[in-house]
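[1] curious how this folds, go ahead:
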Amino acid sequence: MDAAGPNPVKSPGRRFLDRLPEGGDILTGIQAFCTTHAVCWGVFSLLGAVRSATLGILDQKQRVYVTWKEEGPFEILGCFGNVSLKDQEPFVHAKITLADAKKRVVGGHLLSETPLFYGELFLQEVEGPPAERCYDEPSGLFLWPLNRLETRFCET
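    Numbering: from 1, shown residues only. Below you'll find the model as predicted:
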């Protein structure tokens, strides 16, 4: 950790409890919610059920997501993530764990298309300038600046 230390959350922002539209994609729904309510930085959790799911896991050597589709229905055992900015727009990063009627559990990095049967969203906004995702050469991903959340913006 650098001398600036971790970014303390000085003040939580608004809290939202809402239901996302049935049949809509989870990521698209959360992003639209954030855009509508001008949320640029926050954390969320989601409970509900999905009809199917598109998931991924990062191949760390090749720096790409290996993706697959799971046909449902599934209960959402847990879905959590964060919202920050990428290209000046709210960007949703999420993980999900699902279970089916055969007691099979699957999970991974949540991708579109994952259509909801129903979804109950809790979103906690963080006040202040939002973190901005920047390209990280070692991982090949767009991540928050390392130990630089005090400035919160990418170096250009």
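[2] residue nearest the centroid of this structure?
    Relative to the mean C-alpha position of the chain, the nearest C-alpha, by C-alpha atoms, centre = their mean, is the one of residue 93, at 2.4 Å.
[3] and the helix or strand where residue 44 lies, which strands flank it?
    Assigned by DSSP states H and E, residue 44 falls within strand 42-59. According to DSSP bridges, the neighbouring strands of strand 42-59, each with its direction, are strand 64-86 (antiparallel), strand 105-111 (antiparallel), strand 116-126 (antiparallel).
[4] bridged to the residue nearest to the centre of the chain, which residues?
    With DSSP bridges as the criterion, residue 93 is bridged to residue 82.
[5] on that earlier part again, what is the rounded mean pLDDT of the strand holding residue 44?
    pLDDT averaged over strand 42-59 equals 97, rounded to a whole number.
[6] just give the closest residue to residue 78, not the sequence neighbours.
    Take residue 78 and drop its neighbours on the chain: the residue closest to it by C-beta to C-beta, 6 or more residues apart in numbering is residue 97, 4.7 Å away. All C-beta atoms are positioned from the backbone trio N, CA, C, and that covers glycine.
[7] cool, and residue 63?
    residue 140 (3.2 Å).
[8] go on, residue 58?
    residue 65 is the one closest to residue 58 (C-beta to C-beta, 6+ apart), at 5.7 Å.
[9] the one you found contacts residue 56, correct?
    Yes: here residue 65 reaches residue 56: they are 3.8 Å apart, a contact under C-beta atoms under 8 Å.
[10] any shared contact partners between the two?
    Counting by C-beta atoms under 8 Å, 6 or more residues apart in numbering, the contacts common to residue 65 and residue 56 are 109, 111.
[11] picking up where we left off before, surely the residue nearest to residue 63 is in contact with residue 60?
    No: judged on C-beta under 8 Å, residue 140 makes no contact with residue 60 at a distance of 9.2 Å.
[12] of those two, which one has the most company?
    Here residue 140 and residue 60 are compared on neighbour count by other C-beta atoms under 10 Å; more neighbours surround residue 140, at 14 against 9.
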